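1. Give me the fold of what follows.
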Amino acid sequence: DEEGGGDDGGGWFNIFALHQNRDLGRGSKNCVHESMIPEYMDLVVWGHEHECRILPDESAVGTFRISQPGSSVATSLTAGEAEKKQVGILDVRGQSFRLRPVPLSQVRPFATGEISLRDELENEDGGLDPEDPNVDEAMADVLADHVTNLIEEARESAKALREEAEEAARGALPLGTSNADESVLGHGQKYKLIKPDQVLVRLKV
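-> Numbering: from 1, shown residues only. Below is the predicted model of the structure:
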């Protein structure tokens, strides 16, 4: 737009791209607050954060919207990385815009979950029996079932994504991880996974 301009941004569609931590409970000195961004911005593309939140949200100050594309691949075994990976196509016309999400179909499938063996111990319907001399084997079976379900979930997610994007994902091994309050070491090794040593992560309670 050749007309307008100035400090108030009039006549322009203003896009601000930054690569910093967002204010997500990290503390006042470890992030950029939305209130620090000039109010005349129309759209903020927020990088650095890994979780994909591609659809623009209203900012805390209410004068601009924020799109957080996230990482294009799973870079850590966290719940936020399990969200659908997408990019966006931005259409701008005057002071109006539209951002169309485009799912990435070649992303390695990834699912995450948690399991509490304490709950299994308290489960009266076929739960773990601490008095059972073979409780270690029973615990291993419970964890194995949990991991198997995660793998199936990741595969189903990848299948749905391929159908949605009408493209085939090739040769990607699924990622899977789960937090447990107790675990049996070495169980991840029997699964065909990336980082099998991180399939089961002991969670201190």
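
2. From residue 119, how far off is residue 152?
-> Going from residue 152 to residue 119 by C-beta to C-beta, to the nearest Å gives 21 Å. All C-beta atoms are positioned from the backbone trio N, CA, C, and that covers glycine.

3. Same check on residue 88?
-> As judged by C-beta to C-beta, residue 88 and residue 119 stand 40 Å apart.

4. For the protein, which residues score under the pLDDT cut-off?
-> Applying pLDDT under 70 to the chain picks out residues 1-10, 24-28, 121-127, 165-196, 198-200, 202-205.

5. Run through the helices of it in chain order.
-> Here the chain has its helices, by DSSP state H, at 117-122, 135-165.

6. most tightly surrounded among the ones you listed?
-> Counting by mean count of other C-beta atoms under 10 Å, helix 135-165 has the highest mean neighbour count of the helices of the chain, with a mean of 16.

7. if I look at residue 48, how far off is residue 87?
-> 16 Å.

8. hey, where'd the strands end up in this structure?
-> For the chain, the strands defined by DSSP state E cover 15-19, 43-47, 53-58, 65-68, 86-93, 96-103, 110-115, 175-180, 200-202.

9. is it true that residue 108 touches residue 73?
-> Yes: under the criterion of C-beta atoms under 8 Å, residue 108 makes contact with residue 73 at 6.6 Å.

10. how close does residue 81 get to residue 111?
-> Taking C-beta to C-beta as the measure, residue 81 falls 10 Å from residue 111.

11. ok now do residue 67, which residues does it touch?
-> 43, 44, 45, 46, 53, 54, 55, 56, 57, 88, 99 (C-beta atoms under 8 Å, 6 or more residues apart in numbering).

12. swap the cut-off to 7 Å and go again
-> Contact partners of residue 67, counting by C-beta atoms under 7 Å, 6 or more residues apart in numbering, are 43, 45, 54, 56, 88, 99.

13. from the residues you listed, which single one is nearest residue 201?
-> Among the contacts of residue 67, residue 54 lies closest to residue 201 (C-beta to C-beta), at 28.3 Å.

14. got the contact list for the closest one?
-> Contacts of residue 54 were listed using C-beta under 7 Å, 6+ apart, and they are 67, 69, 86, 88, 101.

15. do residue 76 as well
-> Residue 76 touches residue 50, counting by C-beta under 7 Å, 6+ apart.

16. roughly how far apart are it and residue 96?
-> Applying C-beta to C-beta, the value for residue 76 to residue 96 is 36 Å.

17. just residue 109 next, same as before
-> Between residue 109 and residue 96 the distance is 36 Å, computed by C-beta to C-beta.

18. higher neighbour count, the two?
-> Higher neighbour count among residue 109 and residue 96: residue 109, with 22 against 9, using other C-beta atoms under 10 Å.

19. Might one say that the more buried one is in contact with residue 154?
-> Yes: contact criterion C-beta atoms under 7 Å: residue 109 and residue 154 qualify, at 3.9 Å.

20. what about residue 116, neighbour count?
-> 14.

21. Roughly how far does it sit from residue 65?
-> Going from residue 116 to residue 65 by C-beta to C-beta gives 39 Å.

22. Let me see the contact set for the spatially closest residue to residue 58 that is not a sequence neighbour.
-> For residue 58, ignoring the flanking residues on the chain, the nearest one in space by C-beta to C-beta, 6 or more residues apart in numbering is residue 65 at 6.1 Å. Shown in contact with residue 65 (C-beta under 7 Å, 6+ apart): 43, 56, 57, 58, 59.
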